[in-house]
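J.: sequence and predicted structure below; questions after.
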Amino acid sequence: NGKGSVANMLASALGSTGLKVGLYTSPHLVDFRERMRVWVPDSAASGGGHTEMAPKEYVFDFLKRYKADFESLDLSFFEITTGMAFKWFSDIHVDVAVVEVGLGGRLDSTNIITPALSIVTSIGMDHCDLLGHTLAAIAGEKAGIFKKGVPALVGEYLPETRPVFEA
């Protein structure tokens with residue numbers, strides 16, 4: 001539905017300005033660490049740089065260190081992964097993080113942060129068992145990422161979803 005593409009393009013554009021950009025997306029294709037990447041600029045003048053994934057040792061140490069907390073809180077795989085990404089981005093001092101929301105919005109673990117910008121790419125009849133059985137209900141869940149005073153972009157709207165986004 002465009003979330004991953006928009007997140008990757010935004011991170012690339014920000015990285016080209018010389019910023020150190022964290023990127024959190026899902027799912028991964030080959031390596032779990034693809035979910036947590038950072039764009040490291042070569043130099044502010046060149047606009048070039050390279051991408052790094054979280055080191056394997058970092059992932060292992062994080063999981064080992066917080067295992068008891070994950071179990072006592074009954075955290076989901078996505079919640080653990082989100083926490084790991086946020087911790088890694090903090091530890092390596094990214095200038096900005098681009099965070100792709102999971103399948104929801106309102107109750108998504110990524111919704112713990114206050115972003116500089118929120119984007120909803122499109123609304124479809126996906127994950128109805130969790131998000132609702134109408135486009136308006138799904139839009140309401142997705143719009144749950146919007147925060148008062150934070151700009152929001154909606155990639156497309158339909159007559160059924162527009163009033164939800166405007167509200």
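T.: That came through fine.
J.: longest helix of the chain, counting residues only.
T.: When the chain is parsed with DSSP state H, its longest helix is helix 56-73.
J.: list the buried ones in that one?
T.: Tyr58, Val59, Phe62, Tyr66 (16 or more other C-beta atoms under 10 Å). To be clear about C-beta, it is placed using only N, CA and C from the backbone, and glycine gets the same treatment.
J.: just give me how far stretch 70-80 sits from the chain centre.
T.: 17 Å (C-alpha atoms, centre = their mean, to the nearest Å).
J.: what about it, start to end distance?
T.: 7 Å (C-alpha to C-alpha, to the nearest Å).
J.: from the rest of the structure, what touches that stretch?
T.: By C-beta atoms under 8 Å, 6 or more residues apart in numbering, the surrounding residues in contact with stretch 70-80 are Ser26, Leu63, Tyr66, Asp69, Gly83, Gly102, Ser109.
J.: next: stretch 17-24.
T.: The contact list for stretch 17-24 (C-beta under 8 Å, 6+ apart) reads 7-8, 11, 14-15, 35-41, 43-45, 47, 82, 85-86, 88-89, 92-100, 110.
J.: give me the buried entries from those.
T.: Buried members of the contacts of stretch 17-24, counted by 16+ other C-beta under 10 Å: 7, 11, 14-15, 35-39, 41, 82, 85-86, 88-89, 94, 96-100, 110.
J.: filter those residues down to the ones in helices?
T.: Per DSSP H, the buried ones among the contacts of stretch 17-24 map to helices at Ala7, Ala11, Leu14, Gly15, Thr82, Ala85, Phe86, Trp88, Phe89.
J.: from Asp42, how far out is the fourth one?
T.: Separation of Gly15 from Asp42 (C-beta to C-beta, to the nearest Å) stands at 10 Å.
J.: between those two, which contacts overlap?
T.: Common neighbours of Gly15 and Asp42 (C-beta under 8 Å, 6+ apart) are Gly49.
J.: ok, back up a step: can you put the ones in helices among the buried ones among the contacts of stretch 17-24 in a markdown table and add pLDDT and distance to Thr114?
T.: Formatted as a markdown table, those follow (pLDDT from 0 to 100; distance: C-beta to C-beta, whole Å):
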| residue | pLDDT | distance to Thr114 |
| --- | --- | --- |
| Ala7 | 93 | 17 |
| Ala11 | 94 | 19 |
| Leu14 | 94 | 18 |
| Gly15 | 92 | 22 |
| Thr82 | 95 | 15 |
| Ala85 | 97 | 16 |
| Phe86 | 97 | 13 |
| Trp88 | 98 | 19 |
| Phe89 | 98 | 15 |
